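Trainee: Dropping the sequence and predicted coords here.
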Amino acid sequence: MGRSRKNNKSQQTIEVNDDSKIQCNKIGKCKIKIKKSEIGKPRDLGLIQLDLPEIWSCSKNLVDILKFFIDEGRHFLLHLAGTKRSLETKQNKLKKKEMEQKQIEIKKKQPLFDFMEQFSVEFLGLPKRTKNKERIVVFFFRNNRVFNLKYSTNLNSILKNEKWVQILKDIYFIFDVNFYEELISILFLLEKNDDINFIVAQLIQEFLNTQNLLDIKVIFKNLLIQIIKDHIDHQLNYIGLHQLKSNEILDIYKKRIFYYQDRVIKLIKNIRTLFDNYNYEQVQNAQYEEDNYQNLDDEGYEYYEENQINQCFDYSNYD
C-alpha cells in the first residue's frame, strides 16, 4: 500500500545528437536532456536527405535564365512605404542620413518612372496595370492577369539543339507570347551562325525596316526603356520625348540604334551562354574576348573597324 506502481519499459537503444546531454542516476537509469531548440523536432532531422523534384524551379540552369531576363527586363522604382516611420525610430545619425538620402533619390526618380510606365503602355503596347502609378515596366514575361495563351510554334521543326528545345518546353509559359516567338528566332539564328556580330546586324536591319514603334521587337522595346532610364542620351531623354509623336520617336531611335549595338551584342551573347548551361555568375563576370565597345562623347561614338557590323547596314536613310 502507498507504493506507486511503476510500468516496466523494454530497454531501447537511444541515439542522441552531440548537442543533447544524457543524465544517469545511481542505478543506471538515464534520461535525455533535450535542448529547447530541439523540442518538437523529429530525431536526426538534420540528417534527412530529400531528392529534388524534377520541376523547372529546381533547375539552376532554368532559374539562371529567368533571373537574367528579370534583371534585363524588369524596371521598377522602390516605394516609400515605411520610410518616414523608419526615420523617426532610427537613433543612429548615420543611418538616418542614409535613409533621408535614399528618400530624396526615390522622389527625384518618380517623374522618370511615371513617364516610362505611361510611355510603355501608349507607345510600346504593354498592358495597362490595374493600380495607378505602380512605377514598374516589365518585358519578356507574360502579364499575370493573362491566361490561356497560345504558344503554337512547333519547336522541333525549327531548332535542332535538343537541350535548347527542352529548356523552352520547361519554361515557355512564363514568357510573353511575342517574346517567346522572338526568342525562338534568336536561337534559330544562333544555330545557323556562330558570328554574333552578324546576327545582331540582321536584327538591327530588321529593326530599321520596321515602320511603327509598336511593331519593333521586344528586345528593342526593352532597350529603348533602358536608354530612357539610364538618362544618358540627350535625344532619347524622357523630358524631350514628352512632346514627340510615335513616328518621330522611332525616327530618332533608328538614328541612335548604332550607338547601342554593343548592348544588343551583349544580350545575344548572354542568351547563348545561359542556354549552353553556364551559370549566371559567369555571365555577369564574363568579359568579351575582343573589345568591341563603343566610346560615347558629345560628337557621337567610335564605330567598329572596317569589315565589322556597320558594313552590313544601309546607312543612306539615316544620315
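Mentor: Okay, I see it.
Trainee: For the nearest residue to R74 once chain neighbours are set aside, give me its contacts.
Mentor: In space, R74 comes closest to V138 once its chain neighbours are excluded; the distance is 5.1 Å by CB to CB, 6 or more residues apart in numbering. No exception for glycine: its C-beta is placed from N, CA and C like everyone else's. Residues counted as contacts of V138 (CB atoms under 8 Å, 6 or more residues apart in numbering) are G73, R74, H75, L126.
Trainee: and the two most separated of those residues?
Mentor: Largest separation among the contacts of V138 by CB to CB: R74 and L126, giving 12.2 Å.
Trainee: Looking at these two now, which is surrounded by more residues?
Mentor: A direct count of neighbours by other CB atoms under 10 Å for R74 and L126 places L126 higher, at 19 against 14.
Trainee: hang on, isn't that one packed against S120?
Mentor: Yes: L126 is within contact range of S120, at 4.4 Å (criterion: CB atoms under 8 Å).
Trainee: re the thing from before, show me the common contact partners of R74 and L126, please.
Mentor: V137, V138, F139.
Trainee: Tell me the strands beside whichever helix or strand the first one is part of, with direction?
Mentor: Yep, that's V137 we're talking about. Taking DSSP states H and E as the definition, V137 sits inside strand 136-138. If you go by DSSP bridges, strand 136-138 pairs up with strand 74-76 (antiparallel).
Trainee: Helix or strand: which one has Q261?
Mentor: Following DSSP H and E, one finds Q261 within helix 261-275.
Trainee: Okay, strands next: where are they in this structure?
Mentor: Taking DSSP state E as the criterion, the chain contains strands spanning 21-24, 30-33, 74-76, 136-138, 296-297, 300-301.
Trainee: Any regions of the protein where pLDDT drops low?
Mentor: 1-34, 36-41, 79-92, 131-133, 147-148, 152, 279-319 (pLDDT under 70).
Trainee: Can you show me the helices along it?
Mentor: Assigned by DSSP state H, the chain shows helices spanning 60-73, 83-89, 93-122, 162-171, 177-192, 196-209, 218-230, 238-241, 246-256, 261-275, 280-285.
Trainee: List just the one of these that sits closest to K150.
Mentor: helix 177-192 (7.1 Å).
Trainee: by contact count, what packs against the closest one?
Mentor: The contact analysis (3 or more CB pairs under 8 Å, 6 or more residues apart in numbering; DSSP states H and E) places helix 177-192 against helix 162-171, helix 196-209, helix 218-230, helix 261-275.
Trainee: List the buried residues for the second one?
Mentor: For helix 196-209, a neighbour-count test (16 or more other CB atoms under 10 Å) marks I196, N197, I199, V200, A201, L203, I204, F207, L208 as buried.
Trainee: any idea how far the third one lies from K109?
Mentor: Distance, I199 to K109, using CB to CB, to the nearest Å: 34 Å.
Trainee: And the fifth one, by the same measure?
Mentor: Counting by CB to CB, the gap from A201 to K109 is 35 Å.
Trainee: What of the first one?
Mentor: Distance of I196 to K109, given as CB to CB: 33 Å.
Trainee: before we move on, the earlier item: save the contacts of V138 as CSV, and put in distance to N143 too.
Mentor: Conversion of these to CSV gives the following (distance: CB to CB, whole Å):
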residue, distance to N143
G73, 13
R74, 13
H75, 15
L126, 8
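Trainee: Closest to Y180 out of those residues?
Mentor: Distance to Y180 across these (CB to CB) is lowest for G73, with 13.2 Å.
Trainee: What sits closest to the closest one if chain neighbours are left out?
Mentor: Per CB to CB, 6+ apart, closest to G73 is F139, 3.7 Å.
Trainee: Check whether that neighbour really touches F179, as I assumed.
Mentor: Yes: counting by CB under 8 Å, F179 is a contact partner of F139 at 7.1 Å.
Trainee: what touches both of the two?
Mentor: With CB under 8 Å, 6+ apart, F139 and F179 have common neighbours V218.
Trainee: So I257 sits against L208, correct?
Mentor: Yes: I257 is in contact with L208 according to CB under 8 Å; the separation is 7.4 Å.
Trainee: returning to what we had before: format the CA atom coordinates belonging to the helix holding Q261 as CSV.
Mentor: This file holds the C-alpha atoms of helix 261-275, laid out as CSV (Å, rounded to 0.1, in the frame of the first residue of the first chain):
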residue,chain,number,x,y,z
GLN,A,261,24.6,47.9,-80.9
ASP,A,262,27.1,46.7,-78.2
ARG,A,263,24.2,46.2,-75.8
VAL,A,264,22.4,44.1,-78.3
ILE,A,265,25.6,42.0,-78.9
LYS,A,266,25.9,41.5,-75.1
LEU,A,267,22.3,40.4,-74.8
ILE,A,268,22.5,37.8,-77.6
LYS,A,269,25.8,36.5,-76.3
ASN,A,270,24.4,36.1,-72.8
ILE,A,271,21.4,34.3,-74.1
ARG,A,272,23.6,31.7,-75.9
THR,A,273,25.9,31.4,-72.9
LEU,A,274,23.0,30.7,-70.5
PHE,A,275,21.3,28.3,-72.8
